[in-house]
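*Asks:* sharing a sequence plus its predicted fold:
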Amino acid sequence: MDILRFITAGSVDDGKSTLIGRLLYDSKSILIDQLEAIEKQTKNREDGELDLALLTDGLRAEREQGITIDVAYKYFSTPKRKFIIADAPGHIQYTRNMVTGASNSDLAIILVDARHGVVEQTRRHSIIASLLNIPHVVVAVNKMDLVEYSHDVYNNILIDYAAVAKSLGLKDIRYIPISALNGDNIVDRSTNMDWYEGEGLLQILENVTLTDDINLTDARFPVQYVIRPQTEALHDYRGYAGKVISGIYKKGASVTIQPSGLTTTISAIEVGGVEVDEAFAPQSAVLHLADDVDVSRGDLITLTENQPSVSNELEVLLCWMDNKPLIEGNKYQLQINSRLVRAVVKEFKYKVNVNSLEKETAPDKVQLNDIIKATIKTASPIPFDSYQHLRVNGGAILIDETSHVTVGACMIQ
Amino acid sequence: MSNYQLNYLDQLESEAIHIMREVAGQFERPALLFSGGKDSITLVHLALKAFRPGKFPFPLVHIDTGHNFQEALDYRDAMAERIGEKLIVRQVTDTIKSKNLTEPKGKFASRNALQTYTLLDTIEEFKFDACIGGARRDEEKARAKERIFSVRDEFGQWNPKLQRPELWNTYNGRIDKGENVRVFPISNWTELDIWNYIKKEKIELPSIYFSHEREVIEHEGQLVAMSEFVQLESTDKISRKKVRYRTVGDMTCTAAIESNASTLDDIITEIIATKTSERGETRIDDRVSEAAMEDRKKNGYF
C-alpha cells in the first residue's frame, strides 16, 4: 500500500466538489455523523437532494457563500492505496491555490463539463498541471447524464483535448466519461455507457504506477539539522539529519557538499535510529561523514558522480502569489528546501498567458496570479536542478522580508 | 527497482520527521504540546526517531485542565521520565485563579475553551516561537484547510483567509516577534493511520484506550465517565460498562464507547467497521455548533 496525492481542478460548476464528495461517499469514507450534518444543511435547500459538495466546504464563509476559499485536504483509502486530495478552487483568480495544491500532487484530475467541452478554464488548469510538472493527468468528462451519455460528445472532447495535451507536452493522460452526481464510472462501471471500455475512476487512481515518478538516480540530501549529543559516551557523534529527496545513498559512497564543493565519503547511515547500509528517497535519514568537513543546515549532500547545477543566477518561471505587486529589482528571501538566501528578481522576460501559453510582454508590475519568466540573482551560489527534470530540487519559494509571507513560487529552468 | 519502495506508513513517518527537523532548524524556542493522548504520544515517538541519540531541541509542554484522566497523567510523567526529556506542566486552575476567569457552567462543564488562555500564557512565559501539535486534517472540516506551518498572530489567532501558500515540502516559518507558528507534523495522517502506526511500532498507550470496566452515565446517547467533575442529576442512571476511549481529552468532554477491544488488532478492526467519526462519537464539545472548531481555532486553540 502506498500514497497517491492528487489535485482536482475545476470550478463548482464543473461538479468538482460533487466529484470529491462522490469519491468519499462511494469509498465509504463518509461516516454517519458527517452525513447527518450535511443532511441537516441540505434540508434548507429547495431540491432536497443530498448535496455531496457540502462535504468539502470547511469554513463558515464558504458554506454561507457557496464558494471555496482555499486549498482543503481530504483523505480516503482503499485496500490498495491511501489517497490525499488537494481540493483547490478553480476560478480565474485562484491560480495561486491551484499552483499550491499542484506542487505536491502526483496526479491531476481535470474536469470538463460535457456540455461545454474544452474551454478556457480547461486550458488554464492543464497549463498549470504542465508547468508544475504533475506526472499523471486524468481528464474526466463530467455531466455525461446531461448529454444523454453520448459517445460522440465524449469523442469530440477527446479530440479537442488531445490537441491541448500535445501542445503542452503532457505525458501520461487518461480519459474517462463520468457523472459525479449519479456516480457513473466513479467506483462502479456505469451501465449507461457500455461503449466505454476503460476502468472506473477509482480503479484508475488505484492503478496508476507511481514508482517511476521517484528519481533514484540524482541523489540529493538537503541538511536540515546537525545532531550532536556532546555527551561523554557520544563525544564524537556528529550526524547530519535530513531527507533523501531523490536518489540512493550507500555507505562508503563518495559525496560532495554543495555549494562548498568539499568532497568526503559516507561513513555511516541511520534511518529511524537504526544503522543501515543505504537510504533512498523519500526516507528521512542521518548521514555520517568520514572527514570533519564544514556542513550545516541548508547544505546539499550529493553523490560526487552526479552533480546539480551551482549558480547565483537562475532562470525561473515565477507564479506571483501576493496582493502587493512584484516590481523589477525587489529583494526577497529565496528558500529552496532547507536553504535560505537573499535574492533579487532582476529581469522580467515575458508573461505567460495561462489560458493560451502564449508569451506576452512582461508588465512593469507583476500582479497576484500572474506567471512570468524572470531571472533571479542570489546573494550566494545555490545548488539546484531544473524543475522539469527533478521537481524536488527545482522548486523554490520567495519570502517577503518585511511581512514574512510566501509571495512567489519559482520553477527553476 | 522494487527494493526501493516505501509503504504508506513509512512515507508518513518520513514526512513527519522532516517537518519536526524543519522546526528544529528554523526556530529558536520550539515546544511540543503533549497531552498523553495517542496523537501526541505518536509525536513523541517520531521525535525520538528524528533526534536521537541527541536530546530533543524542545521541551514537552502539557496544559493540564485539571479534568484529565489520571491514567493519562501517569502515562505522561512516566514517559517524560523514561525518555529523559524536560516536561513543563501548566494548570488551567492557576489561570482561572490569577485571571479571575469564569468557570463554565452546566452538567459537563468543559474547560476546553479556558485551556486556550493557559496555552497563550505559557507561550508568552517561555517565549515559544513554535508549538508542535498532534492535530490531523481528517479530524474536522476547519482543520482540513490548515497549513502544516500555521502562523498565529500575537493574540494566538488563526486567520483562515490569510494563510501562507505552502508549496512542495518547503516550509516558511519566518515570523515577527510575538507571533508564533503551530506546526502539525501528522496533518496527513488519518485516525486509522495512527492506529496502524502504533501497532507497527509497538507504541505503548495509556490503559484507557483499551477495554476496561467503568462507571458511566448515559447522556444523549454518549457515555460519560463518572467523576467528581460531573454534576449528577437525580434522573441520571449510573451503570458499569465495558468501555474504551477513542480519544483522550477532558473527562467532561470526552465520551467512552462500549467495547470489548483489548488489543490493538481488536481496536483497528472496530475502527474499520465504525460508522461514526472520531470527533462525532467521542467529543461532546464539538456538537455545540457546526463551526465550533473554526471559532476555537480563530481564538488561539491549537
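*Replies:* Ah, there it is.

*Asks:* which parts of the stretch 101-250 of chain A sit against chain B?
*Replies:* Counting by C-beta under 8 Å from any C-beta of the partner chain, the stretch 101-250 of chain A comes close to chain B at A:103-104, A:211, A:214, A:216, A:224-225, A:227-229, A:234, A:237, A:239, A:241-243, A:245, A:248. Where C-beta positions appear, they are placed from N, C-alpha and C, glycine not excepted.

*Asks:* filter the residues you listed down to the ones in helices?
*Replies:* A:Ser103 (DSSP state H).

*Asks:* can you select the buried ones from the residues of the stretch 101-250 of chain A next to chain B in ChimeraX?
*Replies:* The buried residues among those can be selected in ChimeraX (16 or more other C-beta atoms under 10 Å in any protein chain shown) with this line:
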select /A:103,104,214,224,225,227,229,239,241,242,243,245,248
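
*Asks:* for A:Pro222, give me its contacts.
*Replies:* Going by C-beta atoms under 8 Å, 6 or more residues apart in numbering or on different chains, A:Pro222 touches A:242-243, A:245, A:298-301, A:337-339.

*Asks:* can you give me the helices in chain B?
*Replies:* Using DSSP H, helices in chain B cover B:8-26, B:38-51, B:70-83, B:92-98, B:112-126, B:191-201, B:264-273, B:278-282, B:292-298.

*Asks:* what mean pLDDT does the shortest one have?
*Replies:* Here the mean pLDDT over helix B:278-282 is 69, rounded to a whole number.

*Asks:* the fourth one too?
*Replies:* Looking at helix B:92-98 alone, the average pLDDT works out to 86.

*Asks:* give the buried residues for that helix.
*Replies:* So for helix B:92-98, counting by 16+ other C-beta under 10 Å, buried means B:92-93, B:95-96.

*Asks:* looking at the residues you listed, which two lie furthest apart in space?
*Replies:* Farthest apart among the buried residues of helix B:92-98 by C-beta to C-beta are B:Thr93 and B:Thr95. That separation is 7.4 Å.

*Asks:* run the chain-centre distance for the helix or strand harbouring A:Ile257.
*Replies:* Assigned by DSSP states H and E, A:Ile257 belongs to strand A:254-258. Distance of strand A:254-258 from the chain centroid (C-alpha atoms, centre = their mean, to the nearest Å) equals 28 Å.

*Asks:* what does that strand rub up against?
*Replies:* Here strand A:254-258 has contacts from A:249, A:262-266, A:287, A:289, A:293, A:295, A:299-305, A:307-308, A:310, A:383, using C-beta under 8 Å, 6+ apart.

*Asks:* ok, of those residues, which come out buried?
*Replies:* Using 16+ other C-beta under 10 Å, the buried members of these are A:249, A:264, A:266, A:287, A:289, A:295, A:299-303, A:308, A:310, A:383.

*Asks:* helices along chain A, start to end?
*Replies:* A:16-26, A:32-42, A:60-65, A:95-103, A:120-131, A:151-168, A:201-207.

*Asks:* which one of these has the lowest average pLDDT?
*Replies:* helix A:60-65 has the lowest average pLDDT among these, namely a mean of 60.

*Asks:* quick one: residues contacting the residue nearest the centre of chain B.
*Replies:* For chain B, the residue whose C-alpha lies nearest the mean C-alpha position (C-alpha atoms, centre = their mean) is B:Gly134; its distance is 5.0 Å. Counting by C-beta under 8 Å, 6+ apart, B:Gly134 touches B:33, B:35, B:37, B:39-40, B:42-43, B:184, B:186.

*Asks:* now which of these would you call buried?
*Replies:* Judged by 16+ other C-beta under 10 Å, buried ones among the contacts of B:Gly134: B:33, B:35, B:37, B:39-40, B:42-43, B:184, B:186.

*Asks:* closest one of the residues you listed to B:Thr116?
*Replies:* B:Leu33 (12.2 Å).

*Asks:* what about the closest residue to that closest one other than its chain neighbours, how many neighbours?
*Replies:* Residue nearest to B:Leu33 in three dimensions, not counting chain neighbours: B:Gly133, with 4.8 Å by C-beta to C-beta, 6 or more residues apart in numbering or on different chains. Other residues lying near B:Gly133 total 23 when counted by other C-beta atoms under 10 Å in any protein chain shown.

*Asks:* B:Gly133 and B:Ile186 touch, don't they?
*Replies:* No: applying C-beta atoms under 8 Å as the test, B:Gly133 and B:Ile186 come out as separate, 9.1 Å apart.

*Asks:* before we move on, the earlier item: return the set of buried residues in the strand holding A:Ile257.
*Replies:* A:255-258.

*Asks:* could you check how far the closest residue to B:Ile203 other than its chain neighbours is from chain A?
*Replies:* Using C-beta to C-beta, 6+ apart and skipping residues adjacent in sequence, the residue nearest B:Ile203 is B:His45, 5.4 Å away. According to C-beta to the nearest C-beta, to the nearest Å, B:His45 stands 10 Å off from chain A.

*Asks:* and among the helices of chain A, the most buried is which?
*Replies:* helix A:95-103 (a mean of 25; mean count of other C-beta atoms under 10 Å in any protein chain shown).

*Asks:* gap between that one and the chain center?
*Replies:* Worked out by C-alpha atoms, centre = their mean, helix A:95-103 lies 7 Å from the chain centre.

*Asks:* who does it touch, helix- and strand-wise?
*Replies:* Contacts defined by 3 or more C-beta pairs under 8 Å, 6 or more residues apart in numbering or on different chains; DSSP states H and E place helix A:95-103 against strand A:2-9, strand A:81-87, helix A:120-131, strand A:309-320, strand A:406-412.

*Asks:* picking up where we left off before, just the CA trace of the strand holding A:Ile257, in CSV.
*Replies:* Presented in CSV, the C-alpha positions along strand A:254-258 are these (Å, rounded to 0.1, in the frame of the first residue of the first chain):
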residue,chain,number,x,y,z
SER,A,254,31.9,9.5,-2.3
VAL,A,255,29.9,12.6,-1.7
THR,A,256,30.3,16.3,-2.5
ILE,A,257,28.8,19.0,-0.3
GLN,A,258,27.3,21.9,-2.2
